[in-house]
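[1] take a look and give me a structure for this.
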Amino acid sequence: MLQQVSAPDHVIALSLDGKLTGEGIQEYQSIFQNKLQKHPQIGIYVDLTTLSDISANALIEGAKADMELFSHLGQLNRCAFVSDKEWPQTLASFLQQLFPMLEVRVFPSSQSQEALKWAADTSGAPASKETSIRFLPTTKDTVLAFEVDGVMSSEEMPGVIRKLEDFFAGQSKVRLLNRMTHFGGFDPSILMQSGLFSMKLSAMEKVERYAIVGAPGWMRKIIDSMNPFFPDIDMRTFPADREKEAWAWLEAQLAE
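    Down below sits the predicted model:
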């Protein structure tokens, strides 16, 4: 069961009790849409203390709701979970790593009022977005290099997609280098942009080597686990201090 909790109007404040169903998720989506239309920044408070189970239908509806929520991530400020269990902390840690622009915290049930007050605070609203992807000159026409430094925003992606599509169009086989100076996460609305998936398919067909330099540990694990699914692409990760080895493996250099 889903119940609304008394809170400032810019906060989605919910308490989940017993078994969460698909109907509860649909009710949440209606509340979410209403808040988005009324407020430029919103906070989220979810009390999971008495949640005992989640129906299969709720999982399906929840996945749809997550995509909708992520596409409006720029309007979200803080997300507070209240629970004495361990799994919400794991969820919060994952969300914080993937979307560092969204503040996520888990509070024990004894601090539910503090959690609600924290979720309602908009003083730390996200700052304006800056370009995070910069293309680097290389000594070979078949090698494309780029640097990721910051949070990847939806505003910069059309230009990035055009650059990549132009590069793939002129080559039969290519090699890529991704220098991750600082990965600050990404705006999930990027996933909704037209052209992104067709560009990805083109990349998978033409990329023979892909070097990722300086990726954080959690990302290296994901990349290593994905390797078997792309047998035609040789993906390798390199620590930041071994970038020269990555260039040598690609048989290219950073142009002066």
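[2] run through the chain and note the low-pLDDT ranges.
    58-74, 98, 100-101, 124-130, 186-203 (pLDDT under 70).
[3] mind giving me the domain split of it?
    2-120, 133-250 (automatic domain parsing).
[4] now mean neighbour count and distance to residue 256 too, for those domains, in JSON lines please.
    Every residue, glycine included, has its C-beta placed from N, CA and C. Converted to JSON lines, those look like this (neighbours: other C-beta atoms under 10 Å; distance: least, C-beta to C-beta, whole Å):
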{"stretch": "domain 2-120", "mean neighbour count": "17", "distance to residue 256": "34"}
{"stretch": "domain 133-250", "mean neighbour count": "15", "distance to residue 256": "8"}
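[5] which elements pack onto the longest helix seen in the chain?
    Identified as the longest helix of the chain according to DSSP state H is helix 22-38. Here helix 22-38 touches strand 2-4, strand 11-20, helix 56-70, going by 3 or more C-beta pairs under 8 Å, 6 or more residues apart in numbering; DSSP states H and E.
[6] which SSE is immediately downstream of that helix?
    strand 42-54 (DSSP states H and E).
[7] so that next one versus helix 22-38, what angle?
    Angle of strand 42-54 versus helix 22-38, following axes from the mean of the first three to the mean of the last three C-alpha atoms, to 10 degrees, is 180 degrees.
[8] parallel or antiparallel, which strands does strand 42-54 pair with?
    Applying DSSP bridges to the sheet, strand 42-54 is found paired with strand 11-20 (parallel), strand 76-82 (parallel).
[9] quick check: what element follows the helix or strand hosting residue 144 along the chain?
    Taking DSSP H and E as the criterion, residue 144 maps to strand 143-152. Counting by DSSP H and E, the next helix or strand C-terminal to strand 143-152 is helix 157-169.
[10] by contact count, what packs against that following helix?
    Short answer (3+ C-beta pairs under 8 Å, 6+ apart): helix 157-169 packs on helix 196-206.
[11] surely residue 91 touches residue 79?
    No: between residue 91 and residue 79 there is no contact under C-beta atoms under 8 Å: 10.1 Å.
[12] isn't there a helix covering residue 249?
    Yes: according to DSSP: H, G, I helix; E, B strand; the rest coil, residue 249 belongs to a helix.
[13] contact partners for it?
    Contacts of residue 249 were listed using C-beta atoms under 8 Å, 6 or more residues apart in numbering, and they are 209, 211, 236.
[14] what of residue 42?
    Counted by C-beta under 8 Å, 6+ apart, residue 42 has contacts 10-12, 35-36, 75-77.
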